[in-house]
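Undergrad: quick one, structure for this:
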Amino acid sequence: MKITFITILLFLISINVFSQDIIVRNNGVKIECEVTSTDSSTVYFNIKRNKKDISTKIAQSEVSEIIYAQKPITDTQTSAVTMEKTFGGYNFYHEGRRLQMNQLVALMKHNDLAYRQIKAAQSNYTLAMILSSAGGFMIGWPLGSALAGGDPNWALAGIGAGLVVVSIPISQHFNKQAKEAIGTFNGGLVADSFWDTHELNIAMGGNGIGLAFHF
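TA: Numbering: from 1, shown residues only. Predicted coordinates for the structure are as follows:
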């Protein structure tokens with residue numbers, strides 16, 4: 001049973017943690033990483049080295065292809081992110097499109113505070129997903145055996161139920177962190193759009209120097 005538990009847990013960790021973007025260089029070398037942004041000349045990405053995240057970049061001229069783990073979000077800084085409550089959590093939307101977790105993180109990369117907040121939330125999201133998925137699998141296995149007329153391992157189901165229970169407060173903490181990050185991100189959009197459409201200038205008149213605010 002111990003071997004089965006470890007095998008299941010490692011499998012689920014590999015699904016949740018190692019789903020990465022891939023940069024393919026012109027010479028065929030592949031770089032597994034997290035692409036954070038691109039422009040006309042450069043690809044910016046994070047890569048793990050010695051268990052540390054390193055931010056680096058590569059010239060577009062050296063890249064033949066980028067394979068995204070999830071389809072990237074259009075870099076739009078004028079639309080707010082919305083949340084819709086579901087059973088046990090929330091779904092996240094941007095411009096009418098539902099976001100996966102890594103897409104939500106990528107969307108916030110231009111707001112430093114929101115990005116740090118959502119990255120912290122992502123860690124709890126991944127842990128909660130691993131625990132709940134492993135727990136659900138361990139509960140379902142003996143149930144399937146019982147329905148098939150086999151000898152179910154109810155101890156395994158008990159451990160699975162425990163993992164599901166442990167995942168609940170972690171998931172709730174993620175929801176709270178995600179709300180804070182989205183509030184920070186949307187608040188930044190309001191501030192940016194305000195100053196984009198208004199001008200504050202220093203004006204000199206007959207009565208001295210003043211501020212001229214244009215709508």
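Undergrad: mind naming the longest helix for the chain?
TA: Taking DSSP state H as the criterion, the chain has its longest helix at helix 154-197.
Undergrad: counting by contacts, list what it packs against.
TA: Contacts defined by 3 or more Cβ pairs under 8 Å, 6 or more residues apart in numbering; DSSP states H and E place helix 154-197 against helix 2-17, strand 81-86, strand 89-94, helix 112-147. Every C-beta, even on glycine, is put in place using the N, C-alpha and C of the backbone.
Undergrad: as CSV, these with distance to residue 164 would be great.
TA: CSV is the format used below for the helices and strands packed on helix 154-197 (distance: least, Cβ to Cβ, whole Å):
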stretch, distance to residue 164
helix 2-17, 13
strand 81-86, 17
strand 89-94, 14
helix 112-147, 4
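Undergrad: want to try JSON lines for those, with mean pLDDT as columns?
TA: Shown next, in JSON lines, are the helices and strands packed on helix 154-197 (pLDDT from 0 to 100):
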{"stretch": "helix 2-17", "mean pLDDT": "50"}
{"stretch": "strand 81-86", "mean pLDDT": "88"}
{"stretch": "strand 89-94", "mean pLDDT": "87"}
{"stretch": "helix 112-147", "mean pLDDT": "91"}
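Undergrad: what about residue 58, which helix or strand?
TA: strand 52-59 (DSSP states H and E).
Undergrad: hmm, who's touching that strand?
TA: 23, 25, 31, 36, 41-48 (Cβ atoms under 8 Å, 6 or more residues apart in numbering).
Undergrad: keep only those of those residues that are in strands.
TA: 23, 25, 31, 36, 42-48 (DSSP state E).
Undergrad: which one of these sits closest to residue 163?
TA: Nearest to residue 163 among the ones in strands among the contacts of strand 52-59: residue 48, at 25.9 Å, using Cβ to Cβ.
Undergrad: quickly list what the closest one is bridged to.
TA: residue 53 (DSSP bridges).
Undergrad: tally of neighbours for it?
TA: 12 (other Cβ atoms under 10 Å).
Undergrad: could you check how far it is from residue 22?
TA: Counting by Cβ to Cβ, to the nearest Å, the gap between residue 48 and residue 22 amounts to 14 Å.
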